[in-house]
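>>> Have a look at this prediction, sequence included:
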Amino acid sequence: MKKPLAEFIGTFTLVLFGCGAAVIAGADGTTGIGLAGISFAFGLALIGMAYGIGPVSGCHINPAVSLGAVAAGRMTMAEAIPYMIAQVAGAIAGALVLWIIASGTASYEGGLGANGWGEGYLGEYNILSAFVFEVVATFLFVVVILGSTGKGAPAAMAGLAIGLALVVIHLVGIKITGVSVNPARSIGPALFAGGGALGQVWLFIVAPVIGGVAAGILFKTGLLDADEA
């Protein structure tokens, strides 16, 4: 149970502090931390967990990453299933705690940093833009993860590289979808936000899985293997 427990804690942390940055600290740069601050909150939460639970479970905290690892031949589906269950459970728990905290003020307007697209959502990008961004961003994110944790990569730097990759993905993509690249991160807040967020959550499951598996397949081919010294 050590690995699923680690994944639960890691995903809980990512949702609580990443989404919490948006909900509590504020997206308005004049009165809150702004979009850059939210981007760094997600990345720094991941960096912290990478070094905190990475030695236990590898710190996937993302079903798309676990499925990418399966596609790359680095873990079996039987190993990945407990990871993914723990990740979704951790995300739901993180969203629940965030809702309890955020709803404790009269200024709370609902919403928990849920992902979305279309009219009324941030930059109001259409479904095609949202889908393409999530597939491509997840693909590149998992490429960074698999590459920085592969043979020949400096292991001590992996957490930093992965966290910074998540920061830049958010800097570019928050206006498009709020940035998922992680089905668990999307499922947790959507369950509490309900309505349109819950109706759109399918995209944030399907697109990241496609991107993550595609990255895994690329590594499985050996095309990105480091040259032997």
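Good, I have the coordinates. The structure displayed is predicted, hence computed values, not measured ones.
>>> Going by C-alpha atoms from here, please, whenever you check contacts or count neighbours.
Noted.
>>> Which positions within the longest helix along the chain qualify as buried?
The longest helix of the chain (DSSP state H) is helix 77-102. Residues of helix 77-102 classed as buried by neighbour count (16 or more other CA atoms under 10 Å): 80, 83-84, 86-96, 98-99, 102.
>>> any chance you could map the strands in this protein?
Assigned by DSSP state E, the strands in the chain number zero.
>>> Can you pull out the low-pLDDT segments for it?
When residues are selected by pLDDT under 70, those of the chain lie in 27, 29-30, 227-229.
>>> at 80 what do you get?
Residues of the chain meeting the criterion pLDDT under 80: 26-31, 225-229.
>>> From the centroid of it, which residue is nearest?
Asn182 (3.8 Å; CA atoms, centre = their mean).
>>> and stretch 158-169, how far out from the chain's middle?
Relative to the centre of its chain, stretch 158-169 is centred 11 Å away, using CA atoms, centre = their mean, to the nearest Å.
>>> hmm, I was thinking of stretch 110-127
17 Å.
>>> who's in contact with it?
Taking contacts as CA atoms under 8 Å, 6 or more residues apart in numbering, the residues outside stretch 110-127 that touch it are 19-20, 22-23, 95, 98-99, 103, 130, 175-180, 186, 189-190, 192-193, 196-197, 200-201, 204.
>>> Repeat the analysis, applying 6 Å as the threshold.
Identification of contacts with stretch 110-127 by CA atoms under 6 Å, 6 or more residues apart in numbering yields 19, 23, 175-178, 189-190, 193.
>>> can you check stretch 57-70 too?
Applying CA under 6 Å, 6+ apart, the set of residues contacting stretch 57-70 from outside is 3, 7, 10-11, 50, 53, 75-76, 80, 84, 87, 182, 208-209, 212-213, 216.
>>> Let's see it as CSV, backbone CA atoms only.
This file holds the C-alpha atoms of stretch 57-70, laid out as CSV (Å, rounded to 0.1, in the frame of the first residue of the first chain):
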residue,chain,number,x,y,z
SER,A,57,6.1,5.7,-6.0
GLY,A,58,7.8,7.8,-8.6
CYS,A,59,5.4,10.6,-8.0
HIS,A,60,3.1,10.1,-11.0
ILE,A,61,0.1,11.8,-9.3
ASN,A,62,-1.6,11.7,-12.7
PRO,A,63,-3.3,8.9,-14.5
ALA,A,64,-2.0,10.1,-17.9
VAL,A,65,1.6,9.7,-16.6
SER,A,66,0.9,6.2,-15.2
LEU,A,67,-0.6,5.1,-18.6
GLY,A,68,2.3,6.7,-20.3
ALA,A,69,4.6,4.6,-18.2
VAL,A,70,2.6,1.5,-19.1
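>>> What ranges does this protein have for its helices?
Under the criterion DSSP H, helices of the chain are mapped to 2-13, 20, 34-57, 63-71, 77-102, 127-148, 158-177, 183-193, 195-200, 203-220.
>>> Tell me how many other residues crowd Leu166.
Look at Leu166: counted by other CA atoms under 10 Å, it has 26 neighbours.
>>> Now for it: which residues touch it?
Counting by CA under 6 Å, 6+ apart, Leu166 touches Gly43.
>>> Select only the buried ones of the contacts of stretch 57-70 in ChimeraX?
To isolate the buried members of those in ChimeraX, using 16+ other CA under 10 Å:
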select :3,7,10,11,50,53,80,84,87,182,208,209,212,213,216
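>>> With that, I have no additional questions.
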